[in-house]
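In: Give me coordinates for this.
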Amino acid sequence: MNLLILGLVLFLVIHSARVFGAAPRARFIERFGPLAWKGVYSVVSLVGFVLLIKGYAAARLEPVVVWVPPVGMRHAASLLTLLSFILLAAAYVPGNVIKARLGHPMTLAVKTWALAHLLANGNAADLLLFGGFLAWAVLVFRAARARDRLNPPAPVEVRPFAVVLCIVGGAAAWAAFAFWAHAALIGVRPFGGG
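Out: Below you'll find the model as predicted:
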């Protein structure tokens, strides 16, 4: 569990630097340059991610059950992760109404993904991992919205077809992940078995 905690802290802290550590980040970039910051950011992110994966995998070998979710929570999680993939697509498809209306769809995707997994999983490692990501996403989204109120982003020309692309692309990515990649990469089949 210690590896999971350390990985989670490293990964989430470095991903919070722009929001909660803007002044030290700016000083670092001013002193060493943007490439040095990108290097530090990448290395800390990668190390945190690897530790997080190893720690979570180890914790799953000896699970500590906190609660047993009802079967219906798996269905709710499936729907929420579908929404999460659509939000994730909205972060990258230019001119879509989802991003224009909600702002910061990547952070919303993380919030939705984490909540979905908290509903469907009740082990201590799950609560730590997904609860950590949910708390981080809530704080980052709140800070980003406050920043937007101070400096509103420039209006974006919304293209009607862009939202269709978000929905279709997000749903296709969700289906590929739910029916194949989740089991291949994580060892859990969201729709039965494992």
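
In: SS state for the spatially most central residue of the chain?
Out: Ranked by distance to the mean C-alpha position of the chain (CA atoms, centre = their mean), the top residue is Val110 at 3.0 Å. Of the three states, Val110 takes helix under DSSP: H, G, I helix; E, B strand; the rest coil.

In: my read: it touches Val138, true?
Out: No - the criterion here is CB atoms under 8 Å, and Val110 misses it with Val138 at 9.6 Å. All C-beta atoms are positioned from the backbone trio N, CA, C, and that covers glycine.

In: hey, where'd the helices end up in this structure?
Out: Assigned by DSSP state H, the chain shows helices spanning 2-14, 17-20, 22-32, 34-61, 72-90, 97-102, 105-120, 124-150, 160-176, 182-186.

In: Can you mark which positions in stretch 42-57 are buried?
Out: The neighbour-count check on stretch 42-57 (16 or more other CB atoms under 10 Å) flags Val44, Gly48, Leu51, Leu52, Ile53, Gly55, Tyr56 as buried.

In: same check, this time on stretch 8-20
Out: Judged by neighbour count (16+ other CB under 10 Å), stretch 8-20 contains these buried residues: Leu8, Leu10, Phe11, Leu12, Ile14, His15, Ala17, Val19.
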